[in-house]
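Peer 1: Predicted model and sequence below, questions to follow.
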Amino acid sequence: MKKTRVFSEAFKKEKVSLIEKGEISVSEVSELYDVSHTAVYKWLKKYGLQESERIVVEKKSEGKKNIELNRKIASLEQLIG
């Protein structure tokens, strides 16, 4: 059974602001907080700037590399015990 998590409005607004400033990508928010891309895009629609059209451009960034490294560390720690 999957746990239902609830993110506060302030949390969502903060992440939307970071995405709009280009400090973090939708994919990074999705990975870091284990939330679907669809949910993050809904946050953008609800709390973001009211634009008629939005283009999202993402690139592999340092944050993405850090996520991958953290996963690798976690798996190695599990092997060690």
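Peer 2: Perfect, thanks for sending it.

Peer 1: what residues are up against the residue nearest to the spatial centre of the chain?
Peer 2: The chain has Val29 as the residue nearest its centroid, 0.5 Å off, counting by CA atoms, centre = their mean. Contacts for Val29 (CB atoms under 8 Å, 6 or more residues apart in numbering) come out as 15, 18-19, 35, 40. Any C-beta I mention is one placed from the backbone N, CA and C, and that applies to glycine too.

Peer 1: Taking those residues together, which two end up most distant?
Peer 2: Using CB to CB, the two most remote members of the contacts of Val29 are Leu18 and Val35, lying 14.0 Å apart.

Peer 1: helix or strand for the residue nearest to the centre of the chain, which one?
Peer 2: Of the helices and strands defined by DSSP states H and E, Val29 is found in helix 26-33.

Peer 1: Export that helix to CSV, keeping only CA atoms.
Peer 2: Extracted in CSV, the C-alpha atoms of helix 26-33 (Å, rounded to 0.1, in the frame of the first residue of the first chain):
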residue,chain,number,x,y,z
VAL,A,26,11.0,19.7,-13.2
SER,A,27,12.9,16.4,-13.4
GLU,A,28,15.1,17.3,-10.5
VAL,A,29,12.1,18.2,-8.3
SER,A,30,10.5,15.0,-9.4
GLU,A,31,13.5,12.9,-8.5
LEU,A,32,14.4,14.7,-5.2
TYR,A,33,10.9,14.5,-3.7
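
Peer 1: right, and the helix or strand after that helix?
Peer 2: Next element after helix 26-33 (DSSP H and E): helix 37-47.

Peer 1: if you average pLDDT over that next one, what comes out?
Peer 2: Helix 37-47 shows a mean pLDDT of 92.
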